[in-house]
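Asks: Here is my input, please return the structure:
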Amino acid sequence: MTDTLKKINHFISLGVILLTPLFFLPITSEYYEFNKQALLILAAGISLILWVTTFIMEKQVRVTRSPVGLPLITLGLAWILSSFLRTPNRLDALLDPGQTGTVVSLVILFFTVVNSTHTKKQLDAIVTTFLISFALLSFLTVLWASGLIPAVIPTSFLKNPLWTPSGNSFGTLTSLAVVSVFLIVYLAKTRAREGKFRFFLSLTTLILSLVGVSLTSYRLFFQASSAKPVFLSQAVSWSISLEALKSSPLLGTGPATFLSDFTRFRPISYNLSDIWAVRFASGSNYYLQLLATIGLLGLLAYLFLLVKTVRMFTKSFKTAADSPLHALVVAASLAVVVAMVAQLFIPTNLVYQATIFFLLSIVVAAYKHLGSAQVQEANINIVAADNAGVNSPILPWLSLVLSAGLVLPVFYFAGRAYAAEVMFQKALRLANSNDGKGTYETLISTIRLNPYRDTYRITYSQTNLLLANSIASGKTDLTDEQRNTVTQLIQQAIREAKNAVALNPAKVSNLENLATIYRSLIPLAQGADSWTVASYRQAIQLDPVNPNLRIALGGIYYGAKNYDEAIRLFTDAVNLKPNHANAFYNLAAAYREKGDFARAAAAMQTVVNTVDKDSADYSKALEELTELQKKAGEQAATPPQPAETQLSTPQPLPSPKITPIQLPADLGPETTPSPAPTAAPTPAQ
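Replies: Got it, this is the predicted structure:
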């Protein structure tokens, strides 16, 4: 029975190594990394339970000891502690790809892969499966990047030449580059001595990987493409990390919080860059990202892992051994070192993380079969599980209890979360087909399955508001039944927007959504204007250097004819981004309405100096500047030919013009939202 469980674990290892780069399902709202993470969590949980069950059957705990074991355990514990103690929404830490769920699953899989690889034949199967997986990934990447498949395939999401089953074309490029390093060194050291099949498979995978890297690089960086990756600069990442470190040095701000760190802590100088409007959910420097989100404990654990891996490579490289197995150790450990060092400069995605852990598993598993003389010569402390048992009547059962205590709750919440994602994707499809009733009902089912996801709450809040607008659209008055339905839909929209804020109060987009809903209700609901102002002010606290939030809030005061307050906010926006044409344009409009034409003309002159002279905005701004200069007694300018315009003064969002609705005071932004939605009446289509 014990041997059977070990074989099952071995086959699980083969399956997860084969499928991770390739697995995706179009049944969730995000096809790729979410499904890969679900695969990792499922495989890790089952493998862990099977592994510790063998402890009970053998009445002893058997674990392969290696130099990277302690760093990996420390790393996993750092992520878990930071998730529970620092992340505002713990489920985000578990479910977001690349975060705690991914890292802990990969750590568990490392130990189960290493401890289930008992023979040289099993090691060969692991390496062969790894090569086949990346050969297939490379082959698919080449097919799509060459343009052959997108030209003939009818499925819309597969028509992109940058499509890849990894879900991230840049992540595919970097992962294939790491695998190429591994294969170049491996082939150079083995010189076909491992066998014809292994040599042919390795050479084929290397060629396909290099071609895939070349074609993907061309399409991403040298061909005009909207998919060209944008990276956060090292200086901005450093500034964000230092500020985040001040709030929690040991454990950071928590996994899945880099976006919040970015909005709170990015320097004002970022507004002068070409990508000032882009919000980053991850950094281009993985070590600085770790420092910000997992803190010093997470960063030191990862550096500890890097140092141990470097030592394994250097010691194995210096040995006199010359065998295919030794070549595998040298090549895989070098590839891991290269991959981890590269994380100083490139973003890290799930497939890239998995590639590092799979290669690390191959290194340690290969060391188990090198032979005692070669291991001693390299001075590497690798002790196979068969020789590292701890006899104890209690420890095996304790291991099972702890493992079950980790796995069973994770399976429960992750299973419900996966079902919710499937339901959410169904809701999005219904929304695209303009099925308002179906979308509404499906979103309620989604939230019941997973009430802790702020994305669902935001979508549900917006759906309620759209349905309310649809019922009231074009009507000057409503029947009592319609008015009751509209009122309840509006109340539900506000409550769900507030629920999203409660689930993750550090996420500025949640407050922006709440403010937008309040703003759209200003002509419709009494008190919505003050609630809008309060929400925007809270959003500004979370994103203090964002000029657009000041412009939006200033627009509320502008619409209420409070021009002094609007001018103050537009001036703040100008100070935050001195080349923001729309901020100056709104400032000019506020001065104009106040009657201060000289200052209005000065602000409009800055608009004219800032916008592209060939754009429609230039024509519009210059025309208005001429009018303002006339009113200010200054010399007029000659306007050029007109074109399309984008500059606009702030206006409330469109809403039906009916008798204002009275809303309860508890719908204001200060109230703590309820934990679950209450269904409003189902609207008719």
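Asks: Could you double-check that Ala472 lies in contact with Gln482?
Replies: Yes. With contacts counted by Cβ atoms under 8 Å, Ala472 reaches Gln482, the gap being 7.3 Å. Backbone N, C-alpha and C define where each C-beta goes, glycine included.
Asks: Show me where the protein dips below the pLDDT cut-off.
Replies: 192-194, 224-225, 320-322, 371-392, 474-476, 634-663, 670-685 (pLDDT under 70).
Asks: how far is the longest helix along it from where the chain is centred?
Replies: Counting by DSSP state H, the longest helix found in the chain is helix 395-432. Centroid displacement of helix 395-432 relative to its chain, using Cα atoms, centre = their mean, to the nearest Å, is 19 Å.
Asks: same check, this time on stretch 227-244
Replies: 15 Å.
Asks: That one: which residues count as buried?
Replies: Buried residues in stretch 227-244, counting neighbours by 16 or more other Cβ atoms under 10 Å, are found at Leu232, Val236, Ser237, Trp238, Ser239, Ile240, Ser241, Glu243, Ala244.
Asks: okay, those residues in CSV with secondary structure and distance to Ser399 next?
Replies: Shown next, in CSV, are the buried residues of stretch 227-244 (DSSP: H, G, I helix; E, B strand; the rest coil; distance: Cβ to Cβ, whole Å):
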residue, secondary structure, distance to Ser399
Leu232, coil, 41
Val236, helix, 44
Ser237, helix, 39
Trp238, helix, 41
Ser239, helix, 44
Ile240, helix, 40
Ser241, helix, 37
Glu243, helix, 41
Ala244, helix, 36
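Asks: Could you save those residues as TSV and add columns showing distance to Ala417?
Replies: Below are the buried residues of stretch 227-244 laid out as TSV (distance: Cβ to Cβ, whole Å):
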residue	distance to Ala417
Leu232	28
Val236	32
Ser237	30
Trp238	34
Ser239	34
Ile240	28
Ser241	29
Glu243	31
Ala244	27
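Asks: with those residues in mind, which one is nearest to Val608?
Replies: Val236 (30.5 Å; Cβ to Cβ).
Asks: and the closest one, what does it touch?
Replies: Val236 makes contacts with Arg266, Pro267, Tyr270, as judged by Cβ atoms under 8 Å, 6 or more residues apart in numbering.
Asks: Could you single out the nearest of the residues you listed to Ile494?
Replies: Among those, and counting by Cβ to Cβ, the member closest to Ile494 is Arg266, at 29.9 Å.
Asks: Quick check: the closest one touching Val545?
Replies: Yes. Counting by Cβ under 8 Å, Arg266 touches Val545, with 6.4 Å between them.
Asks: Just give the nearest non-adjacent residue to the most centrally placed residue in the chain, would you?
Replies: Per Cα atoms, centre = their mean, the C-alpha nearest to the average position across the chain is that of Ala281, at 5.5 Å. If the residues on either side of it in the chain are set aside, Ala281 comes closest to Leu259, at 4.3 Å by Cβ to Cβ, 6 or more residues apart in numbering.
Asks: Correct me if wrong: Phe134 contacts Thr204.
Replies: No. At 10.5 Å, Phe134 does not count as touching Thr204 under the criterion of Cβ under 8 Å.
Asks: more crowded one of the two?
Replies: Higher neighbour count among Phe134 and Thr204: Phe134, with 31 against 16, using other Cβ atoms under 10 Å.
Asks: now the closest residue to that one other than its chain neighbours: how far from Ala621?
Replies: Leaving aside its chain neighbours, Phe134 sits nearest to Val179 (4.8 Å; criterion: Cβ to Cβ, 6+ apart). With distances taken as Cβ to Cβ, to the nearest Å, Val179 is found 53 Å from Ala621.
Asks: One more: Leu449?
Replies: For Leu449 relative to Ala621 (Cβ to Cβ), the value is 50 Å.
Asks: Between the two, tell me which one has more neighbours.
Replies: Ala621 (26 against 18).
Asks: Give me the distance between that one and His580.
Replies: 13 Å.
Asks: Over to Leu18?
Replies: 50 Å.
Asks: which residues of the stretch 301-450 of the chain fall in strands?
Replies: Assigned by DSSP state E, counting those that start in this stretch, the stretch 301-450 of the chain shows strands spanning 389-391.
Asks: That one: helices as residue ranges?
Replies: Remark: helices assigned in the stretch 301-450 of the chain by DSSP state H, counting those that start in this stretch are 324-342, 350-367, 372-378, 395-432, 436-449.
Asks: neighbours around Val68, how many?
Replies: Other residues close to Val68 by other Cβ under 10 Å number 25.
Asks: Now do the contacts for it.
Replies: Val68 neighbours (Cβ under 8 Å, 6+ apart): Leu305, Lys308, Thr309, Met312, Leu360, Val364.
Asks: and it, backbone torsions?
Replies: phi -100, psi 0 (degrees, to the nearest 10).
Asks: Can you name the helix or strand that the residue nearest to Phe134 falls in?
Replies: Assigned by DSSP states H and E, Val179 belongs to helix 169-190.
Asks: could you give the angle of the next helix or strand after that helix to helix 169-190?
Replies: Using DSSP H and E, the helix or strand that follows helix 169-190 in sequence is helix 196-217. Using axes from the mean of the first three to the mean of the last three Cα atoms, to 10 degrees, the direction of helix 196-217 lies 150 degrees away from that of helix 169-190.
Asks: Using CSV, write out every CA atom in helix 196-217.
Replies: What follows is helix 196-217, C-alpha atoms only, in CSV (Å, rounded to 0.1, in the frame of the first residue of the first chain):
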residue,chain,number,x,y,z
LYS,A,196,19.5,9.1,-28.2
PHE,A,197,15.9,9.9,-27.1
ARG,A,198,16.9,12.3,-24.3
PHE,A,199,19.4,14.0,-26.6
PHE,A,200,16.9,14.4,-29.4
LEU,A,201,14.2,15.6,-27.0
SER,A,202,16.6,18.1,-25.4
LEU,A,203,17.9,19.4,-28.7
THR,A,204,14.4,19.7,-30.1
THR,A,205,13.1,21.6,-27.0
LEU,A,206,16.2,23.9,-27.2
ILE,A,207,15.6,24.8,-30.9
LEU,A,208,11.9,25.4,-30.4
SER,A,209,12.6,27.5,-27.3
LEU,A,210,15.1,29.7,-29.0
VAL,A,211,12.8,30.1,-32.0
GLY,A,212,9.9,30.9,-29.7
VAL,A,213,12.0,33.4,-27.7
SER,A,214,13.0,35.1,-31.0
LEU,A,215,9.6,35.3,-32.5
THR,A,216,7.9,36.5,-29.3
SER,A,217,10.6,39.1,-28.7
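Asks: Can you give the contact residues for that helix?
Replies: 124, 127-128, 131-132, 134-135, 137-139, 141-142, 145-146, 162, 164, 169-170, 172-173, 176-177, 179-180, 183-184, 186-187, 190, 192, 194.
Asks: Now the buried members of those.
Replies: 124, 127-128, 131-132, 134-135, 137-139, 141-142, 145, 162, 164, 169-170, 172-173, 176-177, 179-180, 183-184, 186-187, 190, 194.
Asks: I am finished for the moment; much appreciated.
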